[in-house]
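Got a sequence here, can you build the structure:
(chains A and B)
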Amino acid sequence: MSTTASSVPVGGFDLSTRPAPRFGGLNRTILFIELRRVLRNKRTVIFTLIFPVVMFLFISSTIPAGEESMGTNVLANVGAYIMVSMAVYGAVMATTAAGASVSIERAAGWSRQLRLTPLSPTAYILLKALMALIVGVLATLVTFAVAALTHKAHIPDATVWLQCGLIIIGGALVFAAFGLFMGYLLPAENAMQFLGPILALLSIFGGIFTGPLSTDSTFGKIAQFTPIYGLGQIAHWPLTLTTSGGHDAFKMAWVVNLLVWALVFVAGATWRFRKDTARV
Amino acid sequence: MVDMDTTLQRHPATTTGAQSAPAIELTGLTKSFGDVEAVRGIDLTIRQGEVVAFLGPNGAGKTSTIDMVLGLSEPTEGSARVFGLDPHTAIRHGLVAAVMQTGGLLKDLTARETIEYTAALFPAHRDVEEVMATAGITEIADRLVGKCSGGEQQRVRFAMALVSDPELIILDEPTTGMDVVTRRAFWESIRADAAQGRTVVFATHYLEEADAYADRIVLVRKGRIVADGTSAQVKALGTGRTVRATWPGADVDGLRTLDGVEGVDVRGDQVLVHAKDSDAVARHLLTATPARDLEIEARGLEDAFVALTSEENS
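Down below sits the predicted model:
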């Protein structure tokens, strides 16, 4: 047997015939299996794909004829506003659930089992992030598709569709970190049982179910500091495009809200994740 | 304690390298959790191809030791090497796999998906269908793991361990939840596997399993090894053996003075000698006395287990 520097038998074994996997073990097979697993979960499918669509159809049907306009010269209609709201809700639910699935996997001993494989902890978190991205895109696409096909959402500019979609998906990824953080923190087997109602509450604070919020009211003042508020405002902003090409004023406070919460969630998830891998 | 060199090595591993490191080498291994010392200095060498049972009462430190071998926890002192490598490297190259007693499964994956998932993590893995056939889960391949019985789940875990084609397989109470027939079939596949040169280490509370399937038994008590040897040697250590012979008017006092004799009973024409070294007693009886019709009985492993792990025997 030829012996090169890389194939020197260690402990009697030629380790070159047993390579460690590339990318820390991340691969297409496990991604597809994870995706099948998510779509098999009735709770996830109902809350991330079906519920936002049903809510959209219900709320948009309550708009009286002649009141579909968002304002003088504004291109998008109220239906488009509701569509973006529901897509934000669905996408945030989806990414949080993807992150929070670590709680189930820890309780089941699956995380421990994975430590007996070459899958690196970083690759595992990356896998969760990729799953969050995929389900976030799915949730957004489904709501957008239904809204477009039923002609209830009206946005004449294709760029605005794209802007809204990208903001929702990107912003919702922040909540994958929230899900991870809570999934590691909560002792429950299924953290989503707690997180579902919490997200619904945060969505109300974030103005997702109530329409544009006035920052003059006490409710509005409190809401500005809640996690979904920033994302909700940024995601709706492209819809204010007018026939003359102008927008409503963009507030940096929205971005600050999203970034601060992103920092909190990522720091929290990293802290719990490190603690978890150290303890094992 | 039995010298480890006398241990039976049935399946010398066939390896490509000139030197062959031990499958497991534990040196002065200790593990403390706060004030509690779970493992108090274990030195143990398990050679490639051995089938070793790891026995001990609850809290003996078996699981703590196994966790350190698998790299799931770090030793407080001492070291654990697997094929001469640190456990993490051995895991990353798929040299070692483990079957845990509980957990480690996702209920919402099918049996096949579980094996495919595991296989995908090891670049040099075995064929999934072949492994499922070996573990006997082909018929339940498309069933969700959550809908499988305890015994079926245990076979799924076994298939997960086999799919990476490990050189060392560690089983923690592997037959929990299996009925007698399944358990026998399970051990047959383990033995068939070990015959290929794979090293097998298992913890079990079924003493008869250790007796029947292990080449070597390592008894652990309070974080230390109290006995190490073949099943027969360990049995002899605990309570010795009984030599029964027909010898009317036996010289009881003479027998009592023999080395290693623990007791002598007379029942009619029969004399029963309890001894650690039954060979010496038998030789003496046959060559220096008129005794005949010799029978040598080993006490059960359970007697040895109780004797060696009980409080008085420390």
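
and the closest residue to chain B within chain A, what does it touch?
Going by CB to the nearest CB, chain B is nearest to A:G109 of chain A, at 2.5 Å. C-betas here are computed from N, CA, C, even on glycine. For A:G109, the contact set (CB atoms under 8 Å, 6 or more residues apart in numbering or on different chains) comprises B:100, B:102-105.

Please, where are all the helices along the chain?
Using chain A. A:28-40, A:42-45, A:51-61, A:78-107, A:110-114, A:121-149, A:158-185, A:192-205, A:218-223, A:227-236, A:252-279 (DSSP state H).

Correction: the question concerned chain B.
Using DSSP H, helices in chain B cover B:62-69, B:87-92, B:111-120, B:128-135, B:150-163, B:180-195, B:207-213, B:231-239, B:252-256, B:278-288, B:301-309.

circling back: the helices of chain A: lowest mean pLDDT?
Within those, confidence is poorest for helix A:218-223, with a mean of 82 (mean pLDDT).

Just the C-alphas of that helix, formatted as CSV.
The C-alpha trace of helix A:218-223 is given here as CSV (Å, rounded to 0.1, in the frame of the first residue of the first chain):
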residue,chain,number,x,y,z
THR,A,218,-49.8,55.3,24.4
PHE,A,219,-50.3,51.9,22.6
GLY,A,220,-48.4,53.2,19.6
LYS,A,221,-45.6,54.5,21.8
ILE,A,222,-45.1,51.1,23.5
ALA,A,223,-45.5,49.3,20.2
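
pretty sure B:Q153 is touching B:P174, no?
No: between B:Q153 and B:P174 there is no contact under CB atoms under 8 Å: 11.5 Å.

from the stretch 1-150 of chain B, which residue is nearest to chain A?
For the stretch 1-150 of chain B, CB to the nearest CB, closest residue to chain A: B:G103, 2.5 Å.

how much space between that residue and B:G151?
Per CB to CB, to the nearest Å, B:G103 is found 16 Å from B:G151.

And these two? Which one has more around it.
B:G151 (18 against 15; other CB atoms under 10 Å in any protein chain shown).

circling back to that earlier point, could you redo the helices of chain B as JSON lines and give each row distance to A:Q224 and mean pLDDT?
Below are these laid out as JSON lines (distance: least, CB to CB, whole Å; pLDDT from 0 to 100):
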{"stretch": "helix B:62-69", "distance to A:Q224": "48", "mean pLDDT": "92"}
{"stretch": "helix B:87-92", "distance to A:Q224": "47", "mean pLDDT": "93"}
{"stretch": "helix B:111-120", "distance to A:Q224": "44", "mean pLDDT": "97"}
{"stretch": "helix B:128-135", "distance to A:Q224": "53", "mean pLDDT": "93"}
{"stretch": "helix B:150-163", "distance to A:Q224": "50", "mean pLDDT": "92"}
{"stretch": "helix B:180-195", "distance to A:Q224": "61", "mean pLDDT": "83"}
{"stretch": "helix B:207-213", "distance to A:Q224": "65", "mean pLDDT": "84"}
{"stretch": "helix B:231-239", "distance to A:Q224": "72", "mean pLDDT": "75"}
{"stretch": "helix B:252-256", "distance to A:Q224": "93", "mean pLDDT": "87"}
{"stretch": "helix B:278-288", "distance to A:Q224": "86", "mean pLDDT": "88"}
{"stretch": "helix B:301-309", "distance to A:Q224": "66", "mean pLDDT": "72"}
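
Adding distance to B:P75, write those helices out as JSON lines.
Listed next are the helices of chain B as JSON lines, based on distance: least, CB to CB, whole Å:
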{"stretch": "helix B:62-69", "distance to B:P75": "5"}
{"stretch": "helix B:87-92", "distance to B:P75": "10"}
{"stretch": "helix B:111-120", "distance to B:P75": "27"}
{"stretch": "helix B:128-135", "distance to B:P75": "32"}
{"stretch": "helix B:150-163", "distance to B:P75": "23"}
{"stretch": "helix B:180-195", "distance to B:P75": "27"}
{"stretch": "helix B:207-213", "distance to B:P75": "25"}
{"stretch": "helix B:231-239", "distance to B:P75": "26"}
{"stretch": "helix B:252-256", "distance to B:P75": "47"}
{"stretch": "helix B:278-288", "distance to B:P75": "39"}
{"stretch": "helix B:301-309", "distance to B:P75": "23"}
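
Output these as TSV; include the columns distance to chain A.
Shown next, in TSV, are the helices of chain B (distance: least, CB to the nearest CB, whole Å):
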stretch	distance to chain A
helix B:62-69	8
helix B:87-92	4
helix B:111-120	4
helix B:128-135	10
helix B:150-163	8
helix B:180-195	17
helix B:207-213	23
helix B:231-239	27
helix B:252-256	49
helix B:278-288	36
helix B:301-309	28
